[in-house]
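Trainee: no FASTA, just this:
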């Protein structure tokens, strides 16, 4: 593909020779002639002058490229598109494996692909074009939208609803029982039947080994466009808004609500029965223990405003110095007190 | 079902009209006429006056309900029973799928249900009435009790023992190899064969993506009535007492012991070779690094007594103020010192 | 097996009667006559005088054993070998199940074992002697080395490369899509196709429910001899050196690099785009947010040098005392100031 043609498809302004042949997108340090690369994270700016790429996708502020430049206000988005154009993925499988176990009451749409050893229960509906990899289990009465991709070993439990274009990575579990028990007088725990619904709206992606629990009552709901990484816990009755991002190993306890566009950084947590306002960001390894207003950036255990947390961390590291200053004050003050007392004793 | 009949079954004292027809349990904010709801968490008290439910399960202290009340000392327990009575779950599957692979030396009890693509190894025993969902793998020589429910994609490794009425959520792994390696002189790691036992006693529930490792020697044991949430790590040689609760994403390192009724809150951890006494609670995101006496409530990294932790957190947030007070002391003391010196210089 | 023969095989110097028959390795508190035990962790030293074992593996410093001693400079390593010699594991399965789905273009080496319901995709290669348990899914074009053991429900995605003698515990996922999205102007997220490679070198072990993601570009690589515990997240584009140890529930964000022999303790994390130098240790529950030099031991959130962290923790717990000292200084200084002022007022 000629660089000019790529620039046109990416809606980028080309600086340089558009007749160069481009065959691949590569990382700035791996690129060779014939590759296009990108610069979106300033951390990699020092690698620009020595890249061997034939072209770089960059914003208007970047200078010093030893190659052609594809200018755009949003290099990371153009990079995403360039990968889709130039670096083809392994094609998705097609057809329905004779080794799948599909209940006769299940309804599959056009061009649905079903891998070996997939188990599809009674009354399941699967929309057109959805691809189901081997070993997926879909429980009774679940409804899967069209254009979904469900990777191997995922579990979609009974009655779960997945919207269109949902992606489940390998071994994701949707609709497992919430952790709901009532304590009996003797200290043992009575299970509360978890018979509520789980609804995953359109364009949601859910990572490997992520669990989305069903509640006893009502529903657990993840709204459209939200993306969830690996090993995340979404407990019973949680509601997540649109276009949220939940990084790996984060977790949300029962009945909490995240607004649209909330970001949970890696290994963070939200306790039960709280609300995190629209557009808020929760820092890595933080824990939210109370409601958070929209648009906040909080971090820490328990989470506080980011600026407050930074000041706390700086002072925490200066505690030895503060203790020393207290010691010196004590010594100096004792000297002053001593001087006041001794003259009187004279 | 008439409200009076429900009250009788739940052993509640009815205040109001017992002839109302009740068809469902619902959350206080979702309830409509014909529903019974419950009030167990004071956070939801403000929703009581505006609920549309026909009845509410509540303790004697609650007033102001706009509907009938089912009085009980333990509303959450009565709620759990009401859900079981009124909100039916999808019935469990029955029968043995012709698509399962069951070793001829395995012994299955009466009314065992085995889903498609279940793999049951040699010398496995499965007790009466146990339900095994699709894609479960049961290794050689494992012994499964009666009345268990094993959800899809779970792994029960060779030789593992599960007691009666154990529930495994989807993709739980019981009996994976402990993380045991001995360092060789050249820095490489020699695997210590993990050939010990794993015993899960009766009435235990284990969440989705939770791993319970086998040890090299001895056993990993989870005592009866303990409930474990999703994505929990139980390492090799751990012993957990009766009726413990381990919330999501918590973890216990090798050879540690938890007493009866211990509670691990979400994302907490226990390091290796320590004991947590009976009835102790470990706060969310905390790490226990040494033995904990019975009945303690500890939190923090590393965990300390909850009251001590609260005082530390308050003071941590007041560090800027403390630093300011130190500065002022320094300024004021310097003025005092200066005043003492200058008169002498006169 | 005679104790003398065992001593010879373990390269230990025997103190005591070599004619004793030894049949098992056991923990020091469980051992009975006929067992050999070991002492590697000083925490268990108090159990030595009362052990009922016939022999103990210990280093030269240990005294007071009531039984024969197998002396070695490295008791833990000798213990690992003793377990392999004396405590036999369940034998690995052999043969190719007629219930496996193996693509005709896949190539299997000699003595490969394939369990029931294993799905092996097109163009997959599996080396000699590799054992694949039931329900494993191996995607198109993946290459598996020889002598590997892949436990049940693991996913090896398309194009993934596993070296020789790799062990995957149950439900490990290798090659799931990295969490890569570019934000569109309207706040929605465009998926960046994750079409890079994942390479796991020789002698690597990966725990249950651990996920190793593929990147958009380049590769995710785990070098030889590294051992990874359960529920660990290895994000897209991460590079891990040789003989590293990653404990349970740790996580590494995108594009970070760990040097050889790095140790991540349990529940620790490494943020994106940082380097952790060779031989460094990251403490439990810590988070690394910037590059770490080789050979460091860091801990905390964010991680700092271990000694600095210890001093911080001590002072954090002494904050109530420091505040009290500040209060007393304020009172005493006020008294001094007051005394200076009052005489002037006289």
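Mentor: That came in fine, so what should we check first? It should be emphasised that the depicted structure is a prediction, and the values quoted were computed from it without experimental measurement.

Trainee: low-scoring pLDDT stretches of the stretch 201-346 of chain A, where are they?
Mentor: Applying pLDDT under 70 to the stretch 201-346 of chain A flags the ranges A:343-346.

Trainee: If we use 50, what do you get?
Mentor: A:345-346 (pLDDT under 50).

Trainee: who in it is up against chain B?
Mentor: A:209, A:211, A:213, A:216-218, A:231, A:233, A:235, A:249, A:251, A:253, A:267, A:269, A:271, A:273, A:285, A:287, A:289, A:301-302, A:304, A:308, A:311-312, A:315-316, A:318, A:322, A:325-326, A:329, A:332-333, A:336, A:339 (CB under 8 Å from any CB of the partner chain). Backbone N, C-alpha and C define where each C-beta goes, glycine included.

Trainee: of those, buried ones?
Mentor: Buried members of those, counted by 16 or more other CB atoms under 10 Å in any protein chain shown: A:209, A:211, A:213, A:216-218, A:231, A:233, A:235, A:249, A:251, A:253, A:267, A:269, A:271, A:273, A:285, A:287, A:289, A:301, A:304, A:311-312, A:315-316, A:318, A:322, A:325-326, A:329, A:332-333, A:336.

Trainee: Name the residues of stretch A:45-65 that are buried.
Mentor: Buried-residue list, stretch A:45-65, by 16+ other CB under 10 Å: A:48, A:51, A:52, A:53, A:54, A:55, A:56, A:57, A:58, A:62, A:65.

Trainee: which one is the third one nearest to, not counting chain neighbours?
Mentor: In this case it means residue A:52. residue A:32 (5.2 Å; CB to CB, 6 or more residues apart in numbering or on different chains).

Trainee: again with the last one
Mentor: Ranked by CB to CB, 6+ apart and with sequence neighbours excluded, the top spatial neighbour of residue A:65 is residue A:56, at 5.1 Å.

Trainee: does that neighbour sit in a helix, a strand or a coil?
Mentor: strand (DSSP: H, G, I helix; E, B strand; the rest coil).

Trainee: Run through the residues that contact it.
Mentor: With contact taken as CB atoms under 8 Å, 6 or more residues apart in numbering or on different chains, residue A:56 is in contact with A:28, A:36, A:37, A:38, A:39, A:48, A:62, A:65, A:67, A:68, A:69, A:70.

Trainee: for residue A:214, same thing?
Mentor: Going by CB under 8 Å, 6+ apart, residue A:214 touches A:157, A:159-160, A:175-178, A:194-198, A:220, A:236.

Trainee: Let's see that with 6 Å instead.
Mentor: A:175, A:178, A:194, A:196, A:198 (CB atoms under 6 Å, 6 or more residues apart in numbering or on different chains).

Trainee: for the lengthiest helix in chain A, packing partners?
Mentor: Assignment by DSSP state H gives helix A:319-345 as the longest helix of chain A. For helix A:319-345, the elements it packs on are helix B:319-345, helix C:306-317, helix C:319-345, judged by 3 or more CB pairs under 6 Å, 6 or more residues apart in numbering or on different chains; DSSP states H and E.

Trainee: Show me chain A divided up by domain.
Mentor: As given by automatic domain parsing, the domain ranges for chain A are A:3-86, A:101-305, A:306-346.

Trainee: now do the same end-to-end measure for the second one.
Mentor: Read it as domain A:101-305. End-to-end distance of domain A:101-305 (CA to CA, to the nearest Å): 52 Å.

Trainee: again, but for the first one
Mentor: Across domain A:3-86, the straight-line distance between its terminal residues is 12 Å, by CA to CA.

Trainee: From the chain's centroid, how far away is it?
Mentor: With CA atoms, centre = their mean, to the nearest Å as the basis, domain A:3-86 stands 26 Å off its chain's centre.

Trainee: do the last one as well
Mentor: Relative to its parent chain, domain A:306-346 has a centroid offset of 46 Å by CA atoms, centre = their mean.

Trainee: Dump the buried residues of stretch A:45-65 to TSV, plus pLDDT.
Mentor: Supplementary listing: the buried residues of stretch A:45-65 in TSV, determined by pLDDT from 0 to 100:
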residue	pLDDT
A:48	94
A:51	95
A:52	96
A:53	96
A:54	97
A:55	97
A:56	97
A:57	97
A:58	96
A:62	91
A:65	92
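
Trainee: Widest-spaced pair of those?
Mentor: Maximum pairwise distance in those, criterion CB to CB, is 17.1 Å, between A:52 and A:62.

Trainee: coming back round to it: which positions in the longest helix of chain A come out as buried?
Mentor: In helix A:319-345, counting by 16+ other CB under 10 Å, buried: A:319, A:322, A:323, A:325, A:326, A:329, A:332, A:333, A:336, A:337.

Trainee: what about the residue lying closest to residue A:294 once chain neighbours are set aside, distance to chain B?
Mentor: Distances taken as CB to CB, 6+ apart place residue A:277 nearest to residue A:294, at 3.3 Å, with adjacent residues excluded. The spacing between residue A:277 and chain B, counted by CB to the nearest CB, to the nearest Å, is 18 Å.

Trainee: Do I have it right that residue A:4 meets residue A:18?
Mentor: Yes: using CB atoms under 6 Å, residue A:4 is in contact with residue A:18, at 2.9 Å.

Trainee: Tell me who's in contact with the closest residue to residue A:202 other than its chain neighbours.
Mentor: In space, and not counting its chain neighbours, residue A:202 is closest to residue A:163: 3.7 Å by CB to CB, 6+ apart. Contact partners of residue A:163, counting by CB under 6 Å, 6+ apart, are A:145, A:201, A:202.
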